[in-house]
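Engineer: After the sequence you'll find the predicted model.
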Amino acid sequence: MKKNGIYEDQNTDETTVIEEAFEGTGDIIESEEFDDTLGEETEESANDYLEVSSENSGGDQDFEDLETPFEGNESGITEGSQTEEGTLEKVSGYDYSVLEEQESEEEDEENLLDAYYAEFGDPTAAMLMRSESGKKMMQEVVIGKDDRKQIKGTTKYPWRAICSLRIKAKDGTNWIGTGFLIGPRTVITAGHVVYMHKHGGWAKSIEVIPGRNGSKKPYGSCKSSHFHSVKGWTKSKKRSHDYGAIILPKNCKYGNKVGYFGYGNYGFFDLLGLKVNLSGYPGDKPAGTQWWHARKIKTVTSRTLVYNIDTAGGQSGSPVWRIKNGKRYAVGIHTNGYSLGNSATRITKPVFKNLKNWKNKYK
């Protein structure tokens, strides 16, 4: 069924939850068995979720769903506490009452564009977006009043687990994006950040800067040229499969130092209307500054989440997360903006399996 221009094809009987989390506290969370209710997939659509890696330039790698405990207690992090507002972060100066209202429908870094434009914009559009008028157009995905809040305490959890990305494509062009840690060496982001069809495929390198605050890099940065995604993105360029992973070098286990996000596979009714957070590094704000916003999820499909959270170019790959029992769980990976609502790749069971495999494989 199509509603407001968006297909709603989710099986609404889906109620089971599967989730894992490590938020720098040292707790161990057991993963739960999940009964897949997304319906039977065709062989073609199932293949869309097969993992591909820049290491083997597209060689397929299948794997089993690992059911080992999610352990993160090796870091011994002392947490800088942050109070929460239900499922949301408590950010000073934000008017949470708006969430109850009815929603209406290395060159100069200031000139770098979100990796989204590398995939979905033609050369003329990219040139336009670098102009002054184009920079204003980047705000088309700021829906209504812009009440985003800057995160200045980026050395506190969870902000320090969110990473500014500086991307060099295979053809030498430069772009920006956002990612978030889900393990010691695994940074999740949008598929179009790690694999750019129009710019040579796999990125040449990506600089990962956790907890960046303008020119300040409190934890330094690491470059990686090792990436993962899925065939649905690298082979078919499907927006519903637009996600991937950056694998950090063995000597750069940022997750053990700053902590990392959990992630969860939730049912339709758990997600619809859920208040969620989104934070990243938008290109319409001062370079390298992190900005947060929150709204309810207004549409849930079998593969995507749609919300009126304000974003701008540069935030591709940002975590969309909830707080549950004091822990942070990503429910989606932000990919793009649109006037009817910005959207994320939903963490479905197959996405959950890939995230878990990438996290467990690179500790």
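Structural biologist: Okay, I see it. Numbers count the residues shown, from 1 in each chain.
Engineer: I'd assumed Lys257 was in a strand, is it?
Structural biologist: No: according to DSSP: H, G, I helix; E, B strand; the rest coil, Lys257 belongs to no strand; its state is helix.
Engineer: correct me, but it touches Tyr219?
Structural biologist: Yes: if you go by C-beta atoms under 8 Å, Lys257 and Tyr219 touch, sitting 6.6 Å apart. From N, CA and C alone the C-beta is placed, and that goes for glycine too.
Engineer: So what's the residue count around Lys90?
Structural biologist: Counted with other C-beta atoms under 10 Å, the neighbours of Lys90 add up to 12.
Engineer: ok, now how distant is it from Asn277?
Structural biologist: To Asn277, Lys90 is 11 Å away according to C-beta to C-beta, to the nearest Å.
Engineer: Please, where are all the helices along the stretch 201-350 of the chain?
Structural biologist: Taking DSSP state H, counting those that start in this stretch as the criterion, the stretch 201-350 of the chain contains helices spanning 231-234, 254-258, 268-271, 349-361.
Engineer: Minimum distance to Trp292: which of those has it?
Structural biologist: Nearest to Trp292, of all the helices of the stretch 201-350 of the chain, is helix 254-258, at 16.9 Å by C-beta to C-beta.
Engineer: Give the other helices and strands that the closest one contacts.
Structural biologist: Packed against helix 254-258 by the contact rule (3 or more C-beta pairs under 8 Å, 6 or more residues apart in numbering; DSSP states H and E) you find strand 174-181, strand 205-210.
Engineer: Those strands into a markdown table, with extra columns for distance to Lys327 and mean pLDDT?
Structural biologist: Formatted as a markdown table, those follow (distance: least, C-beta to C-beta, whole Å; pLDDT from 0 to 100):
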| stretch | distance to Lys327 | mean pLDDT |
| --- | --- | --- |
| strand 174-181 | 14 | 96 |
| strand 205-210 | 19 | 97 |
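Engineer: For Ile347, find the nearest of those.
Structural biologist: strand 174-181 (12.1 Å).
Engineer: Just after that closest one, pick out the following helix or strand.
Structural biologist: Once the chain leaves strand 174-181, the next helix or strand it forms, by DSSP states H and E, is strand 186-189.
Engineer: Show me what the very next helix or strand once past that next one is in contact with.
Structural biologist: Using DSSP H and E, the helix or strand that follows strand 186-189 in sequence is helix 191-194. Residues external to helix 191-194 that are found in contact with it (C-beta atoms under 8 Å, 6 or more residues apart in numbering): 54, 115-116, 118-120, 165, 167, 175, 177, 179, 202-203, 206, 227-230, 233-234, 241-246, 316-317, 335, 345.
Engineer: Let's see that with 6 Å instead.
Structural biologist: Ala115, Glu119, Gly177, Ala203, Phe227, Ser229, Trp233, Asp242, Tyr243, Gly244, Ser316, Gly317 (C-beta atoms under 6 Å, 6 or more residues apart in numbering).
Engineer: For the residues you listed, pick the one with the most neighbours.
Structural biologist: Gly317 (35 neighbours).
Engineer: so that residue touches Val187, yeah?
Structural biologist: No: taking contacts as C-beta atoms under 6 Å, Gly317 lies outside contact range of Val187: 8.5 Å.
Engineer: Which neighbours do these two have in common?
Structural biologist: Shared contacts of Gly317 and Val187, counting by C-beta under 6 Å, 6+ apart, come down to Gly179.
Engineer: could the helices of the stretch 201-350 of the chain go into JSON lines alongside mean pLDDT?
Structural biologist: JSON lines is the format used below for those (pLDDT from 0 to 100):
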{"stretch": "helix 231-234", "mean pLDDT": "94"}
{"stretch": "helix 254-258", "mean pLDDT": "96"}
{"stretch": "helix 268-271", "mean pLDDT": "95"}
{"stretch": "helix 349-361", "mean pLDDT": "96"}
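Engineer: Residue ranges in the stretch 151-300 of the chain under the pLDDT threshold?
Structural biologist: Within the stretch 151-300 of the chain, no stretch has pLDDT under 70.
Engineer: Right, I'll call it a day here.
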